[in-house]
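just a sequence and a predicted model for now, questions to come.
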Amino acid sequence: MSLIRVASLVLVGLCSVVTTASAQPTPSLLSPTNIFAPVSTPAQTIHGLSLFVLGVTAVIFLVVFSLLVYAIVRYRNRTDDNAEPPQVYGSSQVELAWTVIPVLVVVALFMASARVIATIQKTARPANAIDVVAIGHQFWWEYRYPGLKVVTANELHVPVSDPANPTPTFITLLSADMDHSFWVPRLAGKTDLIPNRKNETWIDPHETGLFLGQCAQYCGTQHAKMLLRVYVQPRAEFDQWIQEQQQLADTNEAVSEGRHIFESTACINCHTVAGTPANGTFGPDLTHLMSRDTIAAGVAENTPANLRQWILNPDAIKPGARMPAMGLGQHEVEAVAAYLETLR
């Protein structure tokens with residue numbers, strides 16, 4: 001009976017998953033990575049496919065579970081049964097069934113998956129679409145808006161898409177070093193970034209808000225902290241953000257010492273600050289650093305204390321980070337931080 005009890009618990013768990021998937025969750029309780037709460041057309045299409053696959057596998061489970069329970073009950077050991085049961089050495093009907101049925105199930109799942117993939121990949125690009133180039137680095141994200149002349153890092157901003165007037169965002173995916181993967185569960189499926197290969201994905205968020213994602217391809221010791229943040233904004237807010245990002249950095253004379261230290265160290269070899277000699281591309285563009293909510297690819301909030309700790313010793317926030325400790329003294333750290341805090 002213990003086997004039946006275990007199987008019953010598994011069945012209850014499966015039923016609860018199906019119920020959760022089919023129910024409409026309360027928006028305030030939604031996880032920002034809940035795959036059962038899609039808010040973009042690609043994610044909705046994948047969500048429908050996942051429910052179909054879950055339904056097929058649930059039917060298979062119920063059939064196998066029922067046969068298992070029947071066999072346990074029907075052929076259980078009895079005290080008055082000492083005879084050897086009939087020995088069957090082959091059955092064409094059974095062998096045909098366990099060959100044909102799985103093949104049909106696999107073909108059905110394959111066709112459904114192929115249809116979803118083709119539908120997402122062959123979507124026409126409207127004239128008003130937003131173009132973004134996402135470049136995966138160890139271990140951060142670079143975002144370039146070619147038509148808008150904006151470069152930012154780790155925090156992707158896109159406009160909300162009105163179903164009556166769709167404004168999708170098409171994302172070209174490139175890798176600067178090794179395999180990465182762009183995955184924001186509520187907006188789209190996982191798409192890999194492969195060196196020397198261009199992949200593409202697209203999203204058309206129907207709701208505003210912050211949606212979180214993750215690099216879903218192991219890319220080194222900081223893979224787990226290569227986070228994604230997508231800000232979906234009303235069109236007016238998005239346009240305002242674009243205008244602010246297109247401005248040159250504000251170089252306040254009061255922090256000239258920090259700027260001098262920044263420009264006279266190896267910082268400028270890795271980072272870019274528009275309007276200054278800093279034009280490195282190995283690290284994130286810092287032109288509008290303080291307009292971002294986080295640093296270190298979403299690992300820490302962008303606060304004065306965290307910023308100073310990040311300059312002083314990046315490993316204290318993100319062990320194994322590619323950014324080295326520059327060996328600055330406390331006074332120099334304060335000066336550089338004061339300078340960076342003007343980059344809005």
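Here it is on my side, so go on. Numbers count the residues shown, from 1 in each chain.

and the helix ranked longest in the chain, which residues are buried?
The longest helix of the chain (DSSP state H) is helix 41-74. For helix 41-74, the neighbour count (16 or more other CB atoms under 10 Å) marks 41-43, 45-47, 49-50, 65 as buried. In this view, the C-beta of every residue, glycine as well, is placed from N, C-alpha and C.

how close does residue 155 sit to residue 230?
8 Å (CB to CB, to the nearest Å).

comparing those two, which residue is more hemmed in?
Regarding residue 155 and residue 230, a neighbour count based on other CB atoms under 10 Å identifies residue 230 as having more, with 23 against 20.

just checking, next helix/strand downstream of the host helix or strand of the more buried one?
Taking DSSP states H and E as the definition, one finds residue 230 inside strand 227-233. With elements assigned by DSSP H and E, the helix or strand that comes after strand 227-233 is helix 235-245.

and residue 29, what's its pLDDT?
Confidence at residue 29, expressed as pLDDT, is 44.

what backbone torsions are found at the residue lying closest to residue 269 once chain neighbours are set aside?
The shortest distance from residue 269 to any non-neighbouring residue, by CB to CB, 6 or more residues apart in numbering, is to residue 280 (4.8 Å). Here is the backbone geometry of residue 280 (degrees, to the nearest 10): phi -70, psi 150.

ok, now which ones touch residue 280?
Applying CB atoms under 8 Å, 6 or more residues apart in numbering, we find residue 280 in contact with 267-272.

could I have the buried ones of the residues you listed as ChimeraX selection syntax?
Of those, the buried ones can be selected in ChimeraX as follows, counting by 16+ other CB under 10 Å:
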select :267,268,270,271,272
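
out of the contacts of residue 280, which is nearest to residue 319?
Ranked by distance to residue 319 (CB to CB), the contacts of residue 280 are led by residue 270 at 18.9 Å.

from residue 33, how far out is that closest one?
Distance of residue 270 to residue 33, computed by CB to CB: 30 Å.

kindly report the same for residue 333.
From residue 333 to residue 33 the distance is 35 Å (CB to CB).

now do residue 303
Distance of residue 303 to residue 33, given as CB to CB: 24 Å.

ranges for the helices of the stretch 51-200 of the chain?
Listed in chain order, the helices found in the stretch 51-200 of the chain under DSSP state H, counting those that start in this stretch are 92-121.

output the below-cut-off pLDDT ranges for it.
Nowhere does the stretch 51-200 of the chain drop to pLDDT under 70.

circling back to that earlier point, ok, and what's touching the strand holding residue 230?
141, 154-160, 182-184, 187, 203, 205, 207-215, 241, 293-294, 297-299.

CA atoms of that strand as CSV?
In CSV, the C-alpha atoms belonging to strand 227-233 read as follows (Å, rounded to 0.1, in the frame of the first residue of the first chain):
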residue,chain,number,x,y,z
LEU,A,227,20.6,39.2,-14.0
LEU,A,228,18.1,40.8,-16.4
ARG,A,229,15.8,43.8,-15.6
VAL,A,230,13.3,44.9,-18.2
TYR,A,231,11.4,48.2,-17.6
VAL,A,232,8.2,48.4,-19.6
GLN,A,233,7.1,52.0,-19.6
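
of residue 333 and residue 33, which one has the most company?
Using other CB under 10 Å as the criterion, residue 333 and residue 33 rank with residue 333 on top: 20 against 15.

show me what contacts that one?
By CB under 8 Å, 6+ apart, the contact set of residue 333 is 308, 311-312.

got CSV for the residues you listed, with secondary structure and pLDDT too?
CSV is the format used below for the contacts of residue 333 (DSSP: H, G, I helix; E, B strand; the rest coil; pLDDT from 0 to 100):
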residue, secondary structure, pLDDT
308, helix, 90
311, helix, 88
312, helix, 89
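
so what's the residue nearest to residue 269 scoring on pLDDT?
pLDDT at residue 280 comes out at 87.

residue 320 now?
pLDDT, residue 320: 81.

look up how far residue 243 lies from the residue lying closest to residue 60 once chain neighbours are set aside.
The shortest distance from residue 60 to any non-neighbouring residue, by CB to CB, 6+ apart, is to residue 105 (7.2 Å). Note on residue 105: its distance to residue 243, by CB to CB, is 54 Å.

next: residue 237.
11 Å.

more neighbours: which of the two?
Neighbour totals were compared for residue 237 and residue 243, and residue 237 leads with 15 against 11 (other CB under 10 Å).

how near is the more buried one to residue 105?
47 Å.

name the helix or strand for residue 306, please.
Counting by DSSP H and E, residue 306 is found in helix 304-312.

buried set for that helix?
Of all the residues in helix 304-312, those buried under the rule 16+ other CB under 10 Å are 306-312.

all strands of this protein, in order?
Ranges of strands in the chain, per DSSP state E, are 130-137, 140-145, 150-153, 155-159, 169-175, 180-183, 191-193, 199-203, 209-215, 227-233, 294-295, 300-301.

now the longest one: buried residues?
Residues 130, 132-137 are the ones in strand 130-137 that count as buried (16+ other CB under 10 Å).
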